[in-house]
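**Q** I would like the atomic coordinates for the input below:
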Amino acid sequence: MTMFRIARLILTVELLLGVFLSFLLDWSDNHLLHPAWHPHARFHAALLLFFLAGASGIALWLMWRRSLEPRVAIDVAALITGAFWTPLFYVTSVLPGSTAWAGPSGAEPHLAGVLFLPNLAVALLFLGAAAAAHRISRVSPKH
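**A** Residues are numbered from 1 along each chain as shown. Okay, here's the model as predicted:
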């Protein structure tokens, strides 16, 4: 198996898991279905989930179709991953009053005394996988 194919497989798993887990975790009582959420906020959150699914589907199609420029598809898949998951690390800085923690205030989890937000850990894993796949795809001159 070529390194390019391994990169495509890594990105495929990352994109599919990203969509699946986002719907599974966000279409729930602590997010989209939470009664305290404003109906228009629910609307925008649902739009974001469907946009992620659509963009990920386009990236998957690009990666697995026949192409004279298959590396462009790897670039697109990695960029979609970055565009979706990177803002989790800075959006609270540009949107006052927002938080990455979905649970009750004051119940934020800690690991070894340090604030640990699981969604940020998952985002970091997805970004790391996409970066690794992108780099791996460049190792092999052939695809």
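
**Q** who's in contact with Trp101?
**A** Glu108, Leu117 (C-beta atoms under 8 Å, 6 or more residues apart in numbering). Just so you know, the C-beta spots here come from the backbone N, C-alpha and C atoms, and that holds for glycine as well.

**Q** what about it, which SS state?
**A** coil (DSSP: H, G, I helix; E, B strand; the rest coil).

**Q** mind checking pLDDT for it?
**A** As summarised for this prediction, Trp101 has a pLDDT of 89.

**Q** any idea how far Leu88 is from it?
**A** 11 Å (C-beta to C-beta, to the nearest Å).

**Q** so Leu88 makes contact with Pro118?
**A** No - contact criterion C-beta atoms under 8 Å: Leu88 and Pro118 do not qualify, at 11.2 Å.

**Q** between the two, who's got more neighbours?
**A** Leu88 (17 against 14; other C-beta atoms under 10 Å).

**Q** tell me the contacts of the residue lying closest to that one once chain neighbours are set aside?
**A** Closest residue to Leu88 apart from its sequence neighbours, by C-beta to C-beta, 6 or more residues apart in numbering: Ala123 at 4.5 Å. Taking C-beta under 8 Å, 6+ apart, we find Ala123 in contact with Trp85, Thr86, Leu88, Phe89.

**Q** tell me which strands and helices the top helix by length along the chain is in contact with?
**A** Among the segments of the chain that qualify as a helix by DSSP state H, the longest is helix 39-64. Contacts defined by 3 or more C-beta pairs under 8 Å, 6 or more residues apart in numbering; DSSP states H and E place helix 39-64 against helix 3-26, helix 70-85.
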